[in-house]
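A.B. asks: Provided below for reference: sequence and predicted model.
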Amino acid sequence: MTDTLPNCLPDDANAHFVGRVWRPDVDGPSVVTVADGEVFDISSSFATVRDLCETPDPATALAGAKREPIGHLEDILLNTIAPDRDEDLPRLLAPIDLQAVKACGVTFANSLVERVIEERAGGDPARAEQVRRDVHAQIDGDLSRIRPGSDEAARIKETLSAAGMWSQYLEVGLGLDAEVFTKAQPLSSVGWGEAVGLHPASQWNNPEPEIVLVVDSSGTIRGATLGNDVNLRDIEGRSALLLGKAKDNNASCAIGPFIRLFDASFGLDDVRAATIALRVEGRDGFVLTGESSMQQISRDPEDLVRQTIGAHHQYPDGFALFLGTMFAPTEDRDRPGEGFTHKPGDIVDISTPALGNLRNTVALSTECPPWTFGAGQLMRNLAQRGLLAG
């Protein structure tokens, strides 16, 4: 990974970026920002990213925060991914802390089709291609133009059901209610350069490149970043009731590299217009590329936020919300007809010009560093550093 260090962040002097770095000298995480390639600790002004996002105008608050220089961004990135990482130097973390981590599923038409295929194939990749042909034979036209909850969406549900292809995924893909689930626990997400984990029981899986919105406790969207909502297709395909096992495992949620705060130069319309690029490169020489265009999402990001937070559900520390992906790889990697699945050592790059690059290496969840630093440890660390006063 150190041979080709990607552009972590866009070269945009107007952008306001916030993230987190592990500082060995204080034995804990610090909230940071980046300017001209330098990383600055702003923890004396904002002890957590949550605190910054709860201000009336996070971008303005960030600009006025006290700054302590802690190093060059490139040096921190290189130390983060180095096989012989220097534990006495800073490394990058996921840019969120106390926020809940939620995710939306089946928000793109082709994702809906692939979820139906997984279910009807019972999680068996060898059956997927025939099921894919059967499903597509019943669909007339482009599903991406169909608005969930509309009369046309209801007719498509009826057509597939009449053909014996009813699926619970049709309800969340075409019905009024979005699928919103808990992806990971607060503080458990991994950041740029860290290993992203697969449950060892899975034999059919793939990355899910997505934009992640950062939302405060009032439901106001404060910024966006990139995420990898790792998907275990065989486990979820066996039963949707196994979604927790398929989605929430050690290191299975990657977010980063930094949050780009909304301001005059970047906002929700930029998210709506974004195209997210994916590249997977394996040790075996296999290369997979793809794109996910937010212009083809079937539910507007604001609607997904409204379905997540409101009178029915509150988030006092805010939340991060994965918006879903249209990317579901079908290209064969090994055996014909079995499609794509990860192998340990795969390098996954997710990028879009306004947000930069999220890079992770695939490993088994059981072989990734265990998650040990939770909310209790964070509060004690911040208290010892005198950052919780007031």
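C.D. replies: Perfect, I can see it now. Model, not experiment: these values are computed from the prediction.
A.B. asks: In what element of secondary structure is the residue lying closest to Ser365 once chain neighbours are set aside found?
C.D. replies: Among residues not flanking Ser365 along the chain, Gly197 sits closest, at 3.4 Å (CB to CB, 6 or more residues apart in numbering). Placement of C-beta: from N, CA and C, glycine included. Element membership for Gly197 (DSSP states H and E) is strand 195-198.
A.B. asks: Quick one: the helices in the chain, in order.
C.D. replies: Shown for the chain, the helices assigned by DSSP state H span residues 49-53, 58-63, 73-81, 109-120, 125-138, 151-162, 168-174, 233-238, 243-247, 268-272, 301-308, 375-384.
A.B. asks: can you list the ones you listed in TSV and add mean neighbour count?
C.D. replies: What follows is those, written out as TSV (neighbours: other CB atoms under 10 Å):
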stretch	mean neighbour count
helix 49-53	24
helix 58-63	19
helix 73-81	19
helix 109-120	24
helix 125-138	16
helix 151-162	14
helix 168-174	21
helix 233-238	23
helix 243-247	19
helix 268-272	16
helix 301-308	18
helix 375-384	14
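A.B. asks: so which of those helices gets nearest Gly345?
C.D. replies: Proximity to Gly345 (CB to CB) singles out helix 73-81 among the helices of the chain, at 13.4 Å.
A.B. asks: mean confidence for the closest one?
C.D. replies: For helix 73-81, mean pLDDT is 95.
A.B. asks: cool, stretch 86-104 as well?
C.D. replies: The average of the pLDDT scores along stretch 86-104 is 98.
A.B. asks: repeat for stretch 121-141
C.D. replies: On average, stretch 121-141 scores 75.
A.B. asks: Let me see the domain layout of the chain.
C.D. replies: According to automatic domain parsing, the chain comprises the domains 97-105+178-384, 109-174.
A.B. asks: right, and these - which one's nearest Ala65?
C.D. replies: Smallest distance to Ala65 across the domains of the chain (CB to CB): 11.9 Å, for domain 97-105+178-384.
A.B. asks: State the distance spanning the first to the last residue of the closest one.
C.D. replies: By CA to CA, to the nearest Å, the extent of domain 97-105+178-384 from end to end equals 18 Å.
A.B. asks: Use 4 as the first number for this chain going forward.
C.D. replies: Yep, numbering from 4; the last one is domain 100-108+181-387 now.
A.B. asks: how far is it from where the chain is centred?
C.D. replies: How far domain 100-108+181-387 lies from its chain's middle: 2 Å, per CA atoms, centre = their mean, to the nearest Å.
A.B. asks: contacting residues for the spatially most central residue of the chain?
C.D. replies: The centroid of the chain falls nearest to Gly230 when counting by CA atoms, centre = their mean (2.3 Å). Gly230 sits next to 212-215, 256-259, 323, 325, 353, 361 when contact means CB atoms under 8 Å, 6 or more residues apart in numbering.
A.B. asks: ok, now with 6 Å
C.D. replies: Counting by CB atoms under 6 Å, 6 or more residues apart in numbering, Gly230 touches 213, 215, 258, 325.
A.B. asks: How about Pro72?
C.D. replies: 41, 43.
A.B. asks: What residues are bridge-paired with it?
C.D. replies: Residues in a beta bridge with Pro72, per DSSP bridges, are Phe43.
A.B. asks: quick one: it from Thr375, how far?
C.D. replies: 29 Å (CB to CB, to the nearest Å).
A.B. asks: And His75, by the same measure?
C.D. replies: Separation of His75 from Thr375 (CB to CB): 28 Å.
A.B. asks: who wins for proximity to Asn10 among the helices of the chain?
C.D. replies: Closest approach to Asn10 among those is made by helix 76-84 (10.4 Å; CB to CB).
A.B. asks: Not counting its neighbours along the chain, what's nearest Gly359?
C.D. replies: If the residues on either side of it in the chain are set aside, Gly359 comes closest to Leu12, at 4.2 Å by CB to CB, 6+ apart.
A.B. asks: Wait, Arg302 touches Thr110, no?
C.D. replies: Yes: applying CB atoms under 6 Å as the test, Arg302 and Thr110 come out as touching, 5.3 Å apart.
A.B. asks: Straight-line length of stretch 353-368, end to end?
C.D. replies: End-to-end distance for stretch 353-368, by CA to CA: 20 Å.
A.B. asks: brain fart, stretch 200-219
C.D. replies: 28 Å.
A.B. asks: what about the closest residue to Cys371 other than its chain neighbours, distance to Gly327?
C.D. replies: Excluding the flanking residues, the one nearest Cys371 by CB to CB, 6+ apart is Ala254, at 3.8 Å. Distance, Ala254 to Gly327, by CB to CB: 21 Å.
A.B. asks: One more: Val199?
C.D. replies: From Val199 over to Gly327 the distance is 18 Å, taken as CB to CB.
A.B. asks: With Pro27 instead?
C.D. replies: For Pro27, the distance to Gly327 equals 37 Å [CB to CB].
A.B. asks: Ok, Ile159 next?
C.D. replies: When distance is defined by CB to CB, Ile159 is 19 Å away from Gly327.
A.B. asks: If anything else comes up later, I'll come back, but that's it for now.
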